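> model the structure of this input:
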Amino acid sequence: MRSASDTTTATSTGRGGMLLKGAGLLVLAALVLAFPAMAPDPFILSVGVVIMSYAVLATSWNFVGGFTGYISLGHASYSGLGAYATALLVIHTGINPWVAMLLGGLVVAALAVPIGIASLRVRGASFVIVSIAMVLILLLVFQSWGEVTGGSNGLRVPRPFGPDVLRPEQHERFFYLHAALLAVALLAWWAIDRSRFGTGLKAIREDEDKAQSLGVPTFSYKLTAFVVSAFFTALGGGLYALWFGFLDPIFQFSILVGSYMVLMSLLGGIRSLFGPFLGAVIVGYAVEFFKNQYGDTQFHLVAMGLLLGIVVLFMPDGIIPAVSSLLRRFRPEAASIREVSQADLAEQRRRTSSPSTSGTARVASPADGESTGDADDGSPDRLSEGVQR
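Numbering: from 1, shown residues only. Below you'll find the predicted structure:
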């Protein structure tokens, strides 16, 4: 049985891990809140807004990709719909921009229900193709519907703040607004991850057929996660529209935007809470850096392709899971009984027993166990004790 010292060690280790995570979260929040004050110029501040926007989109995508394992390359459909819904509501109804953004998210969530019913009936590569087809169809529709969407000429979106608010101050305000929306999305992801609903989603991710055979309502669970993901993605698109002030169908309904969401989540780790955020910081900064250095060339696409290849080859689970796995190797054993191989067990028994005068082996005495100082000496009594535990 586990001794009192082992239980105390495990408890203290768990508390230490919680305190470390809490401290890390506070440091991260402090860095995010202090970034606008530390930014040396408005351009760097605008890059920060872009990164936070990417973080919102990647976290929103992770409601589907991280929980169910369904890889969607067409999530730009929902960010683009959210952006245009927010802009059109502000232009044609004159309602409050923040109310328009929320209503736009609800409209996109309602549209995601029939889209999810149709697309979630297929899996794997078929689902990826369906998601790509969706974003291409919307691109053609919004380009052709010029009298409403502005077509290829684009659509100018009224800013939510008055003309007395200068552009740097708008960057600062929208940075905090994106950070607040990201915090809400992370909180929702965290709550689902620890709920029965989240357990069902993860069962779908591991083996959907087996989860269904065990009674998990797989289709309704997938559809719910899909709608929640579309809602937060639409909110991210609407907030971006209010900040940037101009919408272009070619950019809003671009497969590259959906690919960036996937790359960010895969880079950071789709099964971790802050994985998409970490991926957004790396990918978002890299994209803006290459665009600034190489202008209108497509070199940033080459760089993103190389980054994706490196992630798939060397860190298939992402940076955070890889680092966590590395740190676990240096942690002390939490249990008093550890797993040993058959060869190790035979070696331990050979060391703790010696031939007697009659040619038979004696069982190691308690004194022998004390002399070795190893609780896992592999003796039959201790092995049976470990099995009973």
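> so what does the helix or strand hosting residue 227 touch, helix or strand wise?
For residue 227, the host element (DSSP states H and E) is helix 218-244. Helices and strands touching helix 218-244, by 3 or more CB pairs under 8 Å, 6 or more residues apart in numbering; DSSP states H and E, are helix 42-68, helix 76-93, helix 97-119, helix 167-193, helix 196-206, helix 208-213. Just so you know, the C-beta spots here come from the backbone N, C-alpha and C atoms, and that holds for glycine as well.
> the inter-axis angle of the fourth one versus helix 218-244?
The one in question is helix 167-193. 170 degrees (axes from the mean of the first three to the mean of the last three CA atoms, to 10 degrees).
> by contact count, what packs against helix 167-193?
Helix 167-193 packs on helix 4-38, helix 42-68, helix 218-244, going by 3+ CB pairs under 8 Å, 6+ apart.
> where does the prediction get shaky in the stretch 1-150 of the chain?
In the prediction, the stretch 1-150 of the chain carries residues with pLDDT under 70 at positions 1-17.
> apply 90 and report the result again.
1-25, 28, 40-43, 94, 124-125, 146 (pLDDT under 90).
> likewise for the stretch 151-300 of the chain?
Across the stretch 151-300 of the chain (using pLDDT under 90), the flagged ranges come out as 152, 159, 161-168, 256, 270-272, 286-300.
> re earlier: after the helix holding residue 227, which helix or strand is next?
Assignment by DSSP H and E places the next element after helix 218-244 at strand 246-247.
> now tell me what touches that following strand from outside.
83-84, 87, 149-150, 154-157, 241 (CB atoms under 8 Å, 6 or more residues apart in numbering).
> may I see the buried residues of whichever helix or strand comes after it?
Tracing the chain C-terminally past strand 246-247 and defining elements by DSSP H and E, one meets helix 249-252 next. Counting neighbours by 16 or more other CB atoms under 10 Å, one finds that the buried residues in helix 249-252 are 249, 251-252.
> which of the residues you listed sits closest to residue 119?
Nearest to residue 119 among the buried residues of helix 249-252: residue 252, at 19.8 Å, using CB to CB.
> what angle do the helix holding residue 227 and helix 42-68 make?
Using the same axes, to 10 degrees, helix 218-244 lies at 170 degrees relative to helix 42-68.
> number of nearby residues for the residue lying closest to residue 32 once chain neighbours are set aside?
Spatial nearest neighbour of residue 32, excluding adjacent residues (CB to CB, 6 or more residues apart in numbering): residue 179 at 5.5 Å. Neighbours of residue 179 under the rule other CB atoms under 10 Å: 19.
> next: the one 4 residues further on.
Applying the criterion other CB under 10 Å, we find 14 residues in the vicinity of residue 183.
> want to throw the helices and strands packed on helix 167-193 into JSON lines with mean neighbour count?
Conversion of these to JSON lines gives the following (neighbours: other CB atoms under 10 Å):
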{"stretch": "helix 4-38", "mean neighbour count": "12"}
{"stretch": "helix 42-68", "mean neighbour count": "25"}
{"stretch": "helix 218-244", "mean neighbour count": "25"}
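> looking at the ones you listed, which is nearest to residue 315?
helix 42-68 (15.7 Å).
> check contacts around the closest residue to residue 167 other than its chain neighbours.
Using CB to CB, 6+ apart and skipping the chain neighbours, the partner closest in space to residue 167 is residue 42 (6.5 Å). Counting by CB under 8 Å, 6+ apart, residue 42 touches 167-168, 171.
> thanks again, I'm all set now.
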